[in-house]
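Student: how does the following fold in three dimensions:
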Amino acid sequence: MEPLSKAIEAGKQTRQVECEQHGMFTSVNIFRTVWSRCPTCEDLRHKAEQEAVERGRVLAERERLQQKLGRAAIPKRFIGRGFDNFTVHNEGQAKALEIAQAYAEGFDAHMKTGRGLVLSGKPGTGKSHLAAAILQSVLARHAVLYVTCMDVIRMVRETWRKDSPESERDVLQRLGRMSLLVIDEVGVQYGTEGEQTILFDVLDLRYREVLPTILMTNQDLTGMKQFLGERTWDRIRETCRWVPFEWESYRPQARKEAIEGKQA
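Tutor: The predicted structure is shown next:
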């Protein structure tokens, strides 16, 4: 509605009306028997409508992120793990956190170069925590997926059944088109030639498409190279930064803190 001063200048009729909530106000004749309402009430109504629209937008965005989170297949235990709740007790942990956080912040650039990471260390050292933090940081803008190495092998092998609804090509394309693919537990399999071939096909496709991959392993450099095979290792060495997690598992300490928390 036009401002009251302009309505008066335009020669429109006005009258004094009392609002039960906000007292007297000047009402303007808009058209025939239609008069303007209390401006304070109108402002409050407009504000309420805007807030309702914003709440709807936030809820829709939250639902969209929940759907993307579900499609990302991040293990339930690691949902909500972020950079701010990663435990740092030594210089190595601080460095790993710094690398992971910088990687997430610069992910758009990594999408252009296909730059990835290899997180290497014993179980319980926080590799999955930081990988999940990276995934959750970028999934609002990108298609991401968490899988274990055995998941990848099973997904491909299941296509070999006669009644499989997917072909091997379908699976490879699905894994190959993700903006970010995280493969956990690399190196706990047998390392057979068949397993090496499957991993090579997936990683080689992502290499050719210049798409970043994060690998997590308990293996050291020598063990990782031996498990992956020369061809795959050559691509990983070119595109991924090796991040060592050279400290003991945090899980015993976490259990101790949980028990002490219950007893407190």
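Student: going by C-alpha atoms from here, please, whenever you check contacts or count neighbours.
Tutor: Fine.
Student: show me where this structure has helices.
Tutor: Taking DSSP state H as the criterion, the chain carries its helices at 4-9, 39-72, 91-105, 107-113, 127-138, 149-158, 168-176, 193-208, 221-228, 230-239, 251-263.
Student: of all the ones you listed, which lies closest to residue 21?
Tutor: helix 39-72 (8.4 Å; Cα to Cα).
Student: now the closest one: average pLDDT?
Tutor: Here helix 39-72 scores 75 as its mean pLDDT.
Student: now swap in stretch 172-179 and tell me
Tutor: Averaged across stretch 172-179, pLDDT comes to 89.
Student: what is the least confident helix or strand in the chain?
Tutor: Every helix and strand of the chain was ranked by mean pLDDT, DSSP states H and E. The lowest is helix 251-263, at a mean of 52.
Student: domains in this protein, as residue ranges please.
Tutor: If you go by automatic domain parsing, the domain ranges for the chain are 1-72, 73-252.
Student: residues near residue 51, how many?
Tutor: Each residue near residue 51 was counted by other Cα atoms under 10 Å, and the total is 12.
Student: and the gap between the spatially closest residue to residue 211 that is not a sequence neighbour and residue 86?
Tutor: Nearest non-adjacent residue to residue 211, counting by Cα to Cα, 6 or more residues apart in numbering: residue 114, 4.4 Å away. Applying Cα to Cα, to the nearest Å, the value for residue 114 to residue 86 is 26 Å.
Student: who has more neighbours, the two?
Tutor: Per other Cα under 10 Å, whichever of residue 114 and residue 86 has more neighbours is residue 114, with 22 against 15.
Student: and the pLDDT for the more buried one?
Tutor: Looking at residue 114, its pLDDT stands at 95.
Student: ok, now the one 5 residues further on?
Tutor: What the model reports as pLDDT for residue 119 is 97.
Student: residues touching it, list them.
Tutor: 127, 214-217, 242-245 (Cα atoms under 8 Å, 6 or more residues apart in numbering).
Student: then residue 155?
Tutor: Residue 155 neighbours (Cα under 8 Å, 6+ apart): residue 171.
Student: one more: residue 178?
Tutor: 143-145, 211.
Student: go again with 7 Å.
Tutor: By Cα atoms under 7 Å, 6 or more residues apart in numbering, residue 178 lies in contact with 143-145.
Student: equivalent analysis for residue 128, please.
Tutor: Listed by Cα under 7 Å, 6+ apart, the contact set of residue 128 is empty.
Student: from residue 183, how far off is it?
Tutor: In terms of Cα to Cα, residue 128 sits 10 Å off from residue 183.
Student: touching, residue 149 and residue 181? I think so.
Tutor: No. With contact defined as Cα atoms under 7 Å, residue 149 does not count as touching residue 181 (11.2 Å).
Student: where does the chain dip in pLDDT?
Tutor: For the chain, the stretches with pLDDT under 70 are 1-11, 58-71, 189-191, 250-264.
Student: most centrally placed residue in it?
Tutor: Closest residue to the average C-alpha location of the chain: residue 136 at 2.4 Å, with Cα atoms, centre = their mean.
Student: coming back round to it: in the contacts of residue 119, find the pair that's most separated.
Tutor: 214 and 245 (14.5 Å).
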